[in-house]
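Chemist: give me the fold of what follows.
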Amino acid sequence: MVMVWFMKSRKKPPRKLFKKEYPKLQKYVEKKNDEIVIHTVYHDTVEYRDNLYKLPSESVNEGDKIRIERYDDQLIFYNAGTNELLCKHTLLLGKGNVVTLNVEVHDEPTIEEVLLDEYKDYEISSIFFKKLREQKPRYVYPQCRKIGSLKKHYAKEIIAKGMRYCVEVDICSAFELCSWLVYKMGETLAKRVLPPHTIKHYKIRAEEIRKELNDGRY
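Modeler: Numbering: from 1, shown residues only. So this is what the prediction gives:
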């Protein structure tokens, strides 16, 4: 049977064969927007992609290292040494421009700030996000984006309990939080939130968490 199918498929022109198989193909989107770089302050500005972006002069010194996090068309500027949020800018196309501070953009909250506000009734959340930034400073945005999606399927109180667990074991990450939720709330609910090709990793960690808690390790 296999040989018969193979011989029939060889007789089909490539265009017809592709047309038949195309619906079965999975879409793949390559993300090129997210980027994190570190540049140096020069006269209260920092260069990014051939444009200069103004920084708040009272918060920076000449030669300071600035971490620039790009998410789509938003640029977020942090002091690389202290993780202090300095300002935000909208990405500017072209070259040779000087982008001044925009109060409205500066005041627009990041997803991290949105989550802190959403969970402000749970004191543990501020500790969790502080540790998350300390432990994974280069991946704060994608982790916050993942955590933000959890509220569609989990109650805030449950998520806050998961944050408390993460703080207690000193592993504050989206992966650890999601793994705890798999352990606590089960795999069926987790399948609505987590990508199918990654859920096995969360299940493995969830089982480890179960054993660690049963052993009284935490």
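Chemist: show me where this structure has its helices.
Modeler: Along the chain, the stretches classed as helices by DSSP state H are 2-11, 14-21, 103-107, 111-118, 123-135, 140-150, 156-169, 174-185, 187-190, 199-214.
Chemist: of the ones you listed, which stretch is the most buried?
Modeler: helix 174-185 (a mean of 22; mean count of other C-beta atoms under 10 Å). Where C-beta positions appear, they are placed from N, C-alpha and C, glycine not excepted.
Chemist: what residues does that one touch?
Modeler: Residues outside helix 174-185 that contact it (C-beta atoms under 8 Å, 6 or more residues apart in numbering): 132, 142-144, 146-147, 150, 154, 158-159, 161-163, 165-166, 169, 189-190, 193-194, 199, 201-203, 205-207, 209-210.
Chemist: mean confidence for that helix?
Modeler: Here helix 174-185 scores 96 as its mean pLDDT.
Chemist: same check on stretch 38-58?
Modeler: Regarding stretch 38-58, the rounded mean pLDDT is 90.
Chemist: repeat that for stretch 199-215.
Modeler: Averaging pLDDT along stretch 199-215 yields 92.
Chemist: going forward, count from 9.
Modeler: Shifting the count to begin at 9 puts that one at stretch 207-223.
Chemist: so how far is it off the chain centroid?
Modeler: 22 Å (C-alpha atoms, centre = their mean, to the nearest Å).
Chemist: output that stretch as CSV, restricted to C-alpha atoms.
Modeler: The C-alpha coordinates for stretch 207-223 follow below in CSV (Å, rounded to 0.1, in the frame of the first residue of the first chain):
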residue,chain,number,x,y,z
ILE,A,207,2.5,21.5,28.1
LYS,A,208,4.5,18.3,28.7
HIS,A,209,7.3,20.4,30.2
TYR,A,210,4.9,22.0,32.6
LYS,A,211,3.5,18.6,33.5
ILE,A,212,6.9,17.3,34.3
ARG,A,213,7.7,20.3,36.6
ALA,A,214,4.2,20.0,38.1
GLU,A,215,4.9,16.5,39.1
GLU,A,216,8.2,17.5,40.6
ILE,A,217,6.4,20.2,42.6
ARG,A,218,3.9,17.7,43.9
LYS,A,219,6.7,15.4,45.1
GLU,A,220,8.6,18.3,46.7
LEU,A,221,5.6,19.5,48.6
ASN,A,222,4.7,16.0,49.7
ASP,A,223,8.2,15.5,51.0
